[in-house]
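In: the following block contains a protein sequence and its predicted model.
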Amino acid sequence: MPIMIEHEDPSRDRLKQHFAKRVIHQARQVLEVWQRLQQQEWDATALAELIEANLGLLRYAERFEQDLHVHLARSIGHCLEAVEANRGRLTSQLITELNQLMQRLSRTGLRHGDQYDQTFLPPLRKPVYLALQDQERAERLAQQLEFFGLHAQPLASAAAFRTAMDERHPAAILMEVDFSGPDQGLALASEAQEGLEHKLPLLFFSHQDVDTPTRLAAVRAGGQEFFTGALDASSLIERIEILTNVIQYDPYKVLIIDDSRAQAIHTERVLNSAGIVTRTLTEPIQAMAELAEFQPDLIILDMYMPECNGPELAKVIRHNDRYVSVPIIYLSAEDDLDKQLDAMSEGGDDFLTKPIKPRHLIATVRNRAARARNLKARMVRDSLTGLFNHTHTLQLLEDARFRARRDGQPLTFAMLDIDHFKKVNDTYGHPMGDRVIKSLALFLKQRLRKTDHIGRYGGEEFAVVLPDTDAATAAKVLDEIRKRFAEIHYPAQPRDLSCTFSCGIAEVTEDMDTNTLSKQADEALYVAKRGGRNRVEIYLGEKA
């Protein structure tokens, strides 16, 4: 009898897990369709495909009693009904709503309490194939990728690679140039891409720097990145995430500045049809305030406007360091080449002449925005964790403070510090210290909202900006993260390692500047450390 009981519970759990996985699989179908739509124009066929995938999700979720997925599928369905009611057209509002719902869907995992409770669903859960000569290096890299939520599969030979490709296409391939023989990796990669309608993200690696012909061969084989020397895991993760779009679904944001409302609406509709969020400004004098609020990836600027012309406004925008790298595209009927070149010299990046074909406009905006976003990511993010760096975190805090004051909403700033971190480095080595830092970074990214901003403040210190959140709510959320983080065990000798963090929280008050807010959070953090560490404290004033 005891033996029967022992076998029943695991079986039932496996069955429930199987049902949950069916729902998750269908959720992935929805996400993959949505993801594909980010690369093409929206049309009736695309809408029908997304509706069908979402109905499948709703059916499975209702059947297997997955309440969260039921709610999300219904909400997505309401958005899609609104698109149909709008004659099949997307609007910026609907794109934003759908994007938020897709973000939530991508973060759903299995049942609460499962052993996979920590597992979140990225848009693509296909494996990353690692074809490296050094198997130990491949195994180590696979572990690091897993740590960041990417499933990696090391492959020992060309035959193993071909078998894996026959069974399943990966999310991306990391191929060593000399895998299975001199330059054989190049040939193998070319072979893998043959006949594919959508080419796979392909990254090449070589131990030593290679000549231009080899790099050219890599490009011809479909390579989108080339790593040499020591293979930096954080850089690799960043590139894989960018190429597979697993970082985020954020649609591009474009600010249209044009005094002609009719022209602005036309441009808006064209870009919305490609899933691009737009905001229109017909009074250029308001441009700087709109930039601070909207934070666009790209600006479309009319050449001739009554209050000021396009080149003048471009110069004003470029005077602000925040917007030096934001691409500016002129969209005008001006066809005089000299005047176009003069306008470009005043801070513009491109000049498009009206009338312009929608596909041309969409392609130009996407390419420029993608390049600018990738460049910005390298500039404002910490290389180890992928979180925002110290300077950019403070900029985001200032932006959030401005919005909080304008909208009359609460804003909280939190500072976190890993407890006894020096001891971790001294006892287990710096690689383990880096692992703990990455672990907390990933933990925060998974458990906080998309609207929260997470930064690495320096060393083992982190900062979190929580808009529309009061101190009590922030403390509750971060205390739960603190408890769960303490449960993680890192394999080590002579015994496994576990870590904790301390946290200080401060809430903005009227007319408080960001310096004061960060100082108060820092003081609350000090109180948490002085109180025994592994706790969350709220700033309570000078007596705290």
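Out: Great, that's in hand. Numbering: from 1, shown residues only.
In: excluding chain neighbours, what is closest to His360?
Out: In space, and not counting its chain neighbours, His360 is closest to Leu352: 7.4 Å by C-beta to C-beta, 6 or more residues apart in numbering. Using the backbone N, CA and C atoms, a C-beta is placed for each residue, glycine as well.
In: tell me which element that neighbour falls in.
Out: strand 350-353 (DSSP states H and E).
In: pull up the pairing partners for that strand, direction included.
Out: strand 328-332 (parallel) (DSSP bridges).
In: after the strand it pairs with, next one along is what?
Out: Strand 328-332 is succeeded, C-terminally, by helix 337-345 (DSSP H and E).
In: packing partners for that next one?
Out: If contacts are counted by 3 or more C-beta pairs under 8 Å, 6 or more residues apart in numbering; DSSP states H and E, helix 337-345 sits against helix 310-318, strand 328-332, strand 350-353.
In: and the helix or strand Met102 falls within, average pLDDT?
Out: Taking DSSP H and E as the criterion, Met102 maps to helix 92-106. Average pLDDT, helix 92-106: 86.
In: quick check: buried residues in the next helix or strand after that helix?
Out: Toward the C-terminus, helix 92-106 is succeeded by strand 128-131 as the next helix or strand (DSSP H and E). Neighbour-count burial for strand 128-131 flags 128-131 (criterion: 16 or more other C-beta atoms under 10 Å).
In: swap in stretch 252-269?
Out: 252-259, 263-264, 266-268.
In: could you pull up the residues touching the nearest residue to Phe161 once chain neighbours are set aside?
Out: Nearest in space to Phe161, with sequence neighbours left out and distances taken as C-beta to C-beta, 6+ apart, is Leu155 at 4.7 Å. For Leu155, the contact set (C-beta atoms under 8 Å, 6 or more residues apart in numbering) comprises 129-131, 138, 161, 164.
In: list just the nearest of those to Leu216.
Out: Nearest to Leu216 among the contacts of Leu155 is Ala131, at 20.2 Å by C-beta to C-beta.
In: if I look at that closest one, how far off is Val210?
Out: Applying C-beta to C-beta, to the nearest Å, the value for Ala131 to Val210 is 16 Å.
In: so where is the stretch 401-544 of the chain shaky, pLDDT-wise?
Out: 542-544 (pLDDT under 70).
In: equivalent analysis for the chain, please.
Out: Within the chain, the segments meeting pLDDT under 70 span 1-20, 107-125, 144, 146-149, 232-235, 237-238, 241-242, 244-249, 542-544.
In: tell me where the stretch 101-250 of the chain has strands.
Out: 128-131, 152-154, 172-176, 202-206, 223-228 (DSSP state E, counting those that start in this stretch).
In: could you export those strands as CSV, including distance to Phe501?
Out: Formatted as CSV, these follow (distance: least, C-beta to C-beta, whole Å):
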stretch, distance to Phe501
strand 128-131, 30
strand 152-154, 28
strand 172-176, 32
strand 202-206, 34
strand 223-228, 33
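In: which of those strands sits closest to Gln35?
Out: Among the strands of the stretch 101-250 of the chain, the nearest to Gln35 by C-beta to C-beta is strand 172-176 (14.0 Å).
In: and the closest one, what does it pack onto?
Out: So strand 172-176, by 3+ C-beta pairs under 8 Å, 6+ apart, packs with strand 128-131, helix 184-193, strand 202-206, helix 233-244.
In: and the first one, how far out from the chain's middle?
Out: Centroid displacement of strand 128-131 relative to its chain, using C-alpha atoms, centre = their mean, to the nearest Å, is 22 Å.
In: partner strands of that strand, parallel or antiparallel?
Out: Note on strand 128-131: by DSSP bridges, its sheet partners are strand 152-154 (parallel), strand 172-176 (parallel).
In: also the third one?
Out: Within its sheet, strand 202-206 is paired with strand 172-176 (parallel), strand 223-228 (parallel), according to DSSP bridges.
In: winner for burial among those?
Out: Greatest average neighbour count among the strands paired with strand 202-206 goes to strand 172-176 (a mean of 26), per mean count of other C-beta atoms under 10 Å.
In: quick one: residues in contact with that one.
Out: With contacts defined as C-beta under 8 Å, 6+ apart, strand 172-176 is touched by 128-133, 141, 185-186, 188-189, 192, 200-206, 223, 236, 240, 243-244.
In: of the residues you listed, select the buried ones using a ChimeraX command.
Out: A single ChimeraX command is used to select the members of these judged buried by 16+ other C-beta under 10 Å:
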select :128,129,130,131,132,133,141,185,186,188,189,192,200,201,202,203,204,205,206,223,236,240,243,244
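In: distance check, Leu271 against Ile362.
Out: As judged by C-beta to C-beta, Leu271 and Ile362 stand 7 Å apart.
In: neighbour count winner among the two?
Out: Neighbour tally, Leu271 and Ile362, criterion other C-beta atoms under 10 Å: the higher count belongs to Leu271, 27 against 19.
In: for the strand or helix carrying that one, C-alpha coordinates in PDB please.
Out: Leu271 is part of helix 261-272, with elements assigned from DSSP H and E. Extracted in PDB, the C-alpha atoms of helix 261-272 (Å, rounded to 0.1, in the frame of the first residue of the first chain):
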ATOM      1  CA  ARG A 261      -2.100  66.800 -39.600                       C
ATOM      2  CA  ALA A 262      -3.200  64.900 -42.700                       C
ATOM      3  CA  GLN A 263       0.400  64.000 -43.600                       C
ATOM      4  CA  ALA A 264       1.200  63.100 -40.000                       C
ATOM      5  CA  ILE A 265      -1.900  60.800 -39.900                       C
ATOM      6  CA  HIS A 266      -0.900  59.100 -43.100                       C
ATOM      7  CA  THR A 267       2.700  58.500 -41.800                       C
ATOM      8  CA  GLU A 268       1.200  57.200 -38.600                       C
ATOM      9  CA  ARG A 269      -1.000  54.700 -40.300                       C
ATOM     10  CA  VAL A 270       1.800  53.400 -42.400                       C
ATOM     11  CA  LEU A 271       4.100  52.800 -39.400                       C
ATOM     12  CA  ASN A 272       1.300  51.400 -37.200                       C
END
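In: next one: the residue nearest to Ile329 when sequence neighbours are not counted from Gln143, what distance?
Out: Spatial nearest neighbour of Ile329, excluding adjacent residues (C-beta to C-beta, 6+ apart): Asp350 at 4.5 Å. Note on Asp350: its distance to Gln143, by C-beta to C-beta, is 43 Å.
In: quick check on these two: which one has the bigger neighbour count.
Out: Neighbours per residue (other C-beta under 10 Å) separate Asp350 from Gln143, with Asp350 holding more: 17 against 13.
In: my guess is that one meets Gln340, correct?
Out: No. Contact between Asp350 and Gln340 fails when scored by C-beta atoms under 8 Å: they sit 9.9 Å apart.
In: hey, what's in contact with both of those two?
Out: Tyr330.
In: ok, Leu74 - contacts?
Out: Just so we're on the same page, residue 74 is Arg rather than Leu. Leu58.
In: how about Gly310?
Out: Gly310 neighbours (C-beta under 8 Å, 6+ apart): 257, 301-304, 330, 332, 343, 348.
In: at 10 Å what do you get?
Out: 257-258, 284, 299, 301-304, 328, 330-332, 334, 343, 346-348, 351 (C-beta atoms under 10 Å, 6 or more residues apart in numbering).
In: for Thr45, same thing?
Out: Thr45 makes contact with no residue, according to C-beta under 10 Å, 6+ apart.
In: point me to the helix or strand that includes it.
Out: Here Thr45 is assigned to helix 44-63, by DSSP H and E.
In: any idea how far that helix is from the chain center?
Out: Relative to the mean C-alpha coordinate of its chain, helix 44-63 is positioned 24 Å out (C-alpha atoms, centre = their mean).
In: which non-adjacent residue is nearest Leu37?
Out: Ala46 (5.4 Å).
In: count of residues packed around that neighbour?
Out: For Ala46, the neighbour count with other C-beta under 10 Å is 19.
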